[in-house]
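Engineer: predicted coordinates and the sequence they were generated for:
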Amino acid sequence: MARPALRKVTRPVEAGRARLVPFDLDRSLVDAARAEPARFDALYRKYVAQVYSFAIYELGDHHEAEDATERTFLSALAALPRFEERAPGGEGSDASTFRVWLFRMARNVIAERGRRTRRRPEAPLDFAMATPDPLDIEATVVDREVATSAWAAVDRLSGDRRRAVILRLVKEM
């Protein structure tokens, strides 16, 4: 059976006007949030899960990821008036959409968290609870006796096993 011929449909083009496609699909949301900061909520809802997923992947702790996500969006809201959309191939600059800009902020927040942790290491609050009272002499004696017994048990192990236990527990390998 013969197929019917397809007809090419053309639409009139407006004289001298090319149709521009926005580079950043979030442009209208960004413009609305700039005009009225309460409308930033739409951008937040659109990207919160993605930023949180990125943070949890990088940090490995959901509390830290929540904090990083919060800091990212607070920074983005404060810096929104300075956001500049840039098309690819601009003068020596990378392309930038709101999403790219937001994830750069998230990366910076996460990197700052890493620097802060390296400068000032933190220990969980549980460690403070496990620290014995220096004035509790009985607990100190019991702890020393337990440690002495444990080392005596390690000393009774054969060479390779003893080395393995020491490397694992003492050297944390």
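Structural biologist: Happy to help now that I have it.
Engineer: do you have the helices of the chain handy? List them.
Structural biologist: Applying DSSP state H to the chain gives helices spanning 27-35, 41-59, 62-79, 98-119, 125-130, 137-155, 159-169.
Engineer: what's the weakest-modelled helix or strand in this structure?
Structural biologist: The weakest-scoring helix or strand in the chain, judged by mean pLDDT, DSSP states H and E, is helix 125-130 (a mean of 69).
Engineer: columns distance to Glu85 and mean neighbour count on top of the helices of the chain, output as CSV?
Structural biologist: The way it works is simple: take the backbone N, C-alpha and C, and place the C-beta from them, glycine included. What follows is the helices of the chain, written out as CSV (distance: least, Cβ to Cβ, whole Å; neighbours: other Cβ atoms under 10 Å):
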stretch, distance to Glu85, mean neighbour count
helix 27-35, 7, 15
helix 41-59, 14, 16
helix 62-79, 14, 16
helix 98-119, 7, 15
helix 125-130, 44, 8
helix 137-155, 62, 11
helix 159-169, 53, 11
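Engineer: what would the ones you listed look like in a markdown table with distance to Arg86?
Structural biologist: Formatted as a markdown table, those follow (distance: least, Cβ to Cβ, whole Å):
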| stretch | distance to Arg86 |
| --- | --- |
| helix 27-35 | 12 |
| helix 41-59 | 18 |
| helix 62-79 | 15 |
| helix 98-119 | 9 |
| helix 125-130 | 45 |
| helix 137-155 | 62 |
| helix 159-169 | 52 |
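Engineer: least confident of these, on average?
Structural biologist: Note on the helices of the chain: helix 125-130 shows the lowest mean pLDDT, a mean of 69.
Engineer: quick one, domains of the protein?
Structural biologist: Domain segmentation of the chain under automatic domain parsing yields 27-119, 127-169.
Engineer: neighbours of Thr97, how many?
Structural biologist: Neighbourhood size, Thr97 [other Cβ atoms under 10 Å]: 19.
Engineer: for it, give me phi and psi.
Structural biologist: Backbone torsions for Thr97, taken as degrees, to the nearest 10, come to phi -110, psi 170.
Engineer: residue contacts, the residue nearest to Leu59 when sequence neighbours are not counted?
Structural biologist: Of all residues not flanking Leu59 in the chain, Ala65 sits nearest, at 5.3 Å (Cβ to Cβ, 6 or more residues apart in numbering). By Cβ atoms under 8 Å, 6 or more residues apart in numbering, the residues touching Ala65 are 52, 55-56, 58-59.
Engineer: again, only using 7 Å
Structural biologist: 52, 55-56, 59 (Cβ atoms under 7 Å, 6 or more residues apart in numbering).
Engineer: then Asp41?
Structural biologist: Contacts of Asp41 (Cβ under 7 Å, 6+ apart): none.
Engineer: alright, I will stop here.
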